[in-house]
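>>> My questions concern the predicted model and sequence given below.
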Amino acid sequence: MAHAPLYSKVPTLADELDIVIPTIRNLDFLEMWRPFFEKYHLIVVQDGDHTRKVQVPAGFDYELYNRKDIERILGDKASCISFKDSACRCFGYAISKKKYIFTIDDDCFVAKNPQGEDIDALEQHIKNLLSPSTPHFFNTLYDPYTEGADFVRGYPFSLREGAPTAISHGLWLNIPDYDAPTQMVKPRERNVRYVNAVLTIPKGTLFPMCGMNLGFNRDLIGPAMYFGLMGDGQPIGRYDDMWAGWCCKVICDHLGLGVKTGLPYIWHSKASNPFVNLKKEYKGIFWQEDIIPFFQNVKLSQESKTVQECYLELSDKVRAGLGKLDPYFDKLATGMQDWIACWDMLNPPAKSHAAHGLPNGKA
Ligand SMILES: O=c1ccn([C@@H]2O[C@H](COP(=O)(O)OP(=O)(O)O[C@H]3O[C@@H](CO)[C@H](O)[C@H]3O)[C@@H](O)[C@H]2O)c(=O)[nH]1
Ligand SMILES: [Mn+2]
């Protein structure tokens, strides 16, 4: 039975999706995204100096939070939200009232496809999130639910319904998201390869999640999208999205959810300083040789049936399994627990996804 694409016109989800942007810069990049973003509500997480005035271009519906707002809202648990690191963006995930999140960095521009057309990255993320994933059996013709593709011969019919998609991981043209050592040895390398594919990351396989062009379903995986303790006062940075990706993938595998990577592309315009990055990353480069085996071997109990239950169980395992690597992981485990407390405080079970009528500006 052929699988017709799930919809001819991609729904905009304008009332069901928030765009979260962490920033220490300005938001001029929104002008080029205006045709694609203007119908959505933005959540701007202003990092660094809270007295700095961040201008949101006219015509955008937004709420903006700075460090003082985060501290006012979260109280003594605000310490679980990183300061002076893009990891602060996860506050936007928790404060949102919508079903879907798209997060993008402020140096990510609209990319063009090989036909020279502007890419509507959000539309592709929505396609990815609204169609199933295939984590349990690899389809060699990539995404079987996309126009012009299907399941190939030998693909079990019993698995063709697929799994609900929790995460849509987009990629980048131009400045690649390389770690500092790679960036240092290949300073001029640019990603010019447009690969027209969306893949499901198989169950049992981890991946390095990049936060610059990322969509996800808050209802399915939101409480696991904690970007950890990074930046000011922390021994590590630029492992925010990685940490979240490893936690999310283990939980997605446990709950039977899917993670996709590939299209859409954005144009990553700025290379961050590799020497500054090396200082942030170096412990992570060393520690991850222990962190990855930890996540590869972690087993969540059958009693953990919700994302919060999985995440709290995982936090206990992080403390027991990684605490001896460095006291940082003991702090991180506590941060994970504080994060869930914040999430549940901001997202009481009964809360609907009703779009809120907050005026623009400071919440
Ligand atoms: O202290 C900070 C630094 C940055 N931001 C905002 O976060 C994003 C990403 O910043 P930037 O583009 O400078 O960093 P990259 O190295 O290109 O980012 C990659 O590493 C990940 C960070 O761990 C990031 O998700 C990847 O894209 C911008 O919007 C900055 O304004 C911040 O809020 N606080
Ligand atoms: Mn960047």
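Sure thing, it's come through. Ligands and ions are numbered 1, 2, ... in the order given.
>>> Tell me how many other residues crowd Gly284.
18 (other C-beta atoms under 10 Å). (C-beta placed from N, C-alpha, C; glycine too.)
>>> what about it, distance to Ser79?
Remark: distance between Gly284 and Ser79 (C-beta to C-beta, to the nearest Å) = 20 Å.
>>> and if you look at Met225?
From Met225 to Ser79 the distance is 18 Å (C-beta to C-beta).
>>> Looking at the two, which has the bigger crowd around it?
Taking neighbours as other C-beta under 10 Å, Met225 and Ser79 compare with Met225 leading, 29 against 17.
>>> wait, that one sits on Ala244?
Yes. Counting by C-beta atoms under 8 Å, Ala244 is a contact partner of Met225 at 5.4 Å.
>>> Would you mind listing what in the stretch 251-363 of the chain touches ligand 1?
Proximity of the stretch 251-363 of the chain to ligand 1, by C-beta under 6 Å from any ligand atom, involves residues 270, 272.
>>> for the stretch 251-363 of the chain, what spans make up the strands?
Here the stretch 251-363 of the chain has its strands, by DSSP state E, counting those that start in this stretch, at 258-268, 361-362.
>>> remind me which residues of the stretch 1-150 of the chain are low pLDDT?
Within the stretch 1-150 of the chain, the segments meeting pLDDT under 70 span 1-8.
>>> Indicate the residue of it located nearest to ligand 2.
Asp107 (4.2 Å; C-beta to the ion).
>>> so what's that residue closest to, chain neighbours aside?
Nearest non-adjacent residue to Asp107, counting by C-beta to C-beta, 6 or more residues apart in numbering: Lys270, 4.1 Å away.
>>> ditto for Tyr142
Using C-beta to C-beta, 6+ apart, the closest residue to Tyr142 is Ala197 (4.5 Å).
>>> Roughly how far does that neighbour sit from Lys260?
Distance of Ala197 to Lys260, computed by C-beta to C-beta: 10 Å.
>>> Just list the residues touching Lys9, thanks.
Listed by C-beta atoms under 8 Å, 6 or more residues apart in numbering, the contact set of Lys9 is empty.
>>> Quick check: the residue nearest to Tyr142 touching Tyr265?
No. Assessed by C-beta under 8 Å, Ala197 is found out of contact with Tyr265, at 11.2 Å.
>>> Can you pick out the residue with more neighbours from the two?
Higher neighbour count among Ala197 and Tyr265: Tyr265, with 25 against 13, using other C-beta under 10 Å.
>>> Return the per-residue confidence for that one.
Looking at Tyr265, its pLDDT stands at 98.
>>> Who does it form a beta bridge with?
Judged by DSSP bridges, the bridge partners of Tyr265 are Leu171.
>>> and it, what does it touch?
Tyr265 neighbours (C-beta under 8 Å, 6+ apart): 111, 113, 119, 121, 170-173, 194, 213.
>>> show me the contacts for the residue of the stretch 1-150 of the chain closest to ligand 2.
Contact analysis of Asp107 by C-beta under 8 Å, 6+ apart lists 25, 29, 268-270.
>>> Output those residues in CSV, with neighbour count and distance to Met209 appended to each entry.
Putting the contacts of Asp107 into CSV (neighbours: other C-beta atoms under 10 Å; distance: C-beta to C-beta, whole Å) gives the following:
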residue, neighbour count, distance to Met209
Arg25, 14, 22
Phe29, 20, 22
His268, 23, 15
Ser269, 15, 21
Lys270, 12, 20
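>>> Throw the residues you listed into JSON lines and include distance to Gln337, thanks.
Below are the contacts of Asp107 laid out as JSON lines (distance: C-beta to C-beta, whole Å):
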{"residue": "Arg25", "distance to Gln337": "32"}
{"residue": "Phe29", "distance to Gln337": "35"}
{"residue": "His268", "distance to Gln337": "34"}
{"residue": "Ser269", "distance to Gln337": "37"}
{"residue": "Lys270", "distance to Gln337": "35"}
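>>> from those, which two are the most distant?
By the measure C-beta to C-beta, Arg25 and His268 form the most distant pair in the contacts of Asp107, at 13.9 Å.
>>> Quick check on Tyr226: phi, psi?
Main-chain torsions, Tyr226, degrees, to the nearest 10: phi -80, psi 130.
>>> Specify the local secondary structure of the closest residue to Asp28 other than its chain neighbours.
Nearest non-adjacent residue to Asp28, counting by C-beta to C-beta, 6+ apart: Pro57, 7.4 Å away. What DSSP: H, G, I helix; E, B strand; the rest coil gives for Pro57 is coil.
>>> One more: the one 5 residues further on?
For Tyr62, the reduced secondary structure class is strand; criterion used: three-state DSSP.
>>> List the beta-bridge partners for it.
Leu42.
>>> Do you know the pLDDT at Ala363?
We have a pLDDT of 50 for Ala363.
>>> now do Met209
pLDDT, Met209: 98.
>>> Looks to me like it is in a helix.
No. Counting by three-state DSSP, Met209 falls outside a helix, being coil.
>>> Make sure the residue nearest to Asp107 is actually in contact with Asn174.
No. Using C-beta under 8 Å, Lys270 makes no contact with Asn174, being 9.3 Å away.
>>> sorry, back to before: shared neighbours of Ala197 and Lys260, anything?
Taking C-beta under 8 Å, 6+ apart as the contact rule, Ala197 and Lys260 both touch Asp143.
>>> Could I get the pLDDT score of the residue in the stretch 201-350 of the chain that ligand 2 sits nearest to?
Closest residue of the stretch 201-350 of the chain to ligand 2, C-beta to the ion: Lys270 (5.0 Å). Listed pLDDT for Lys270 reads 96.
>>> Could you measure from it over to Asp177?
According to C-beta to C-beta, Lys270 and Asp177 sit 12 Å apart.
>>> Hmm, Ile236 and Ser82 touching each other?
No. In this structure, Ser82 is not within contact of Ile236 by C-beta under 8 Å, at 10.3 Å.
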